[in-house]
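K.L.:
with the input below, show me the fold.
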Amino acid sequence: MLKKNKKQKVVISSSFGGFEPDMHFKIFLKALDVELFSIEGRTHPEIIAYIETYSDEYGVLRGKDRYQYVRLVEVDTSRPWFIDVYDGSESIRYLDYKYVNKKLKYVELI
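P.N.:
Numbers count the residues shown, from 1 in each chain. This is a model prediction of the structure:
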């Protein structure tokens, strides 16, 4: 039986280096009392709505410096996933595996 895809919007920082919110976004986050880069912050409905509202034509919300930005990506939550980071740039990766020994639950990553 196939699992039904479940989608969730997630905030990631796909620019290199760190992301520091501009003054308006920082005030907004402080009022919510949620850490942006916690899983709660990354999936918080109000944060997602803020980013959707204030994103530019490329779908990114710029930070304090113009080269810093966050964006929303859609994640299929019916599959195991994680946020991969390279030099501050984040992307979504899925954990795909096959069983080598089901009795031992030993797997091989694909």
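K.L.:
contact partners of the lengthiest strand in the chain?
P.N.:
Secondary structure of the chain read by DSSP state E shows that its longest strand is strand 69-76. Outside strand 69-76, the residues within contact range by C-beta atoms under 8 Å, 6 or more residues apart in numbering are 5-15, 19, 36, 48, 51-52, 55, 59-63, 81, 92, 94. Every C-beta, even on glycine, is put in place using the N, C-alpha and C of the backbone.
K.L.:
again, only using 7 Å
P.N.:
For strand 69-76, contacts defined as C-beta atoms under 7 Å, 6 or more residues apart in numbering pick out 5-15, 19, 48, 51-52, 59-63, 81, 92.
K.L.:
among those residues, name the ones in helices.
P.N.:
Judged by DSSP state H, the contacts of strand 69-76 include 48, 51, 52 as members of helices.
K.L.:
below-threshold pLDDT in the chain: ranges please.
P.N.:
1-5 (pLDDT under 70).
K.L.:
residue 38: how many residues sit nearby?
P.N.:
Using other C-beta atoms under 10 Å, residue 38 has 10 other residues around it.
K.L.:
give the contact list for the closest residue to residue 19 other than its chain neighbours.
P.N.:
Distance criterion C-beta to C-beta, 6 or more residues apart in numbering; nearest residue to residue 19, sequence neighbours excluded, is residue 13 at 4.1 Å. Listed by C-beta under 7 Å, 6+ apart, the contact partners of residue 13 are 19, 70, 88, 90.
K.L.:
pretty sure the third one sits against residue 16.
P.N.:
Right, the one you point to is residue 88. Yes. Using C-beta atoms under 7 Å, residue 88 is in contact with residue 16, at 5.2 Å.
K.L.:
return the distance of stretch 50-61 from the chain's centre.
P.N.:
14 Å (C-alpha atoms, centre = their mean, to the nearest Å).
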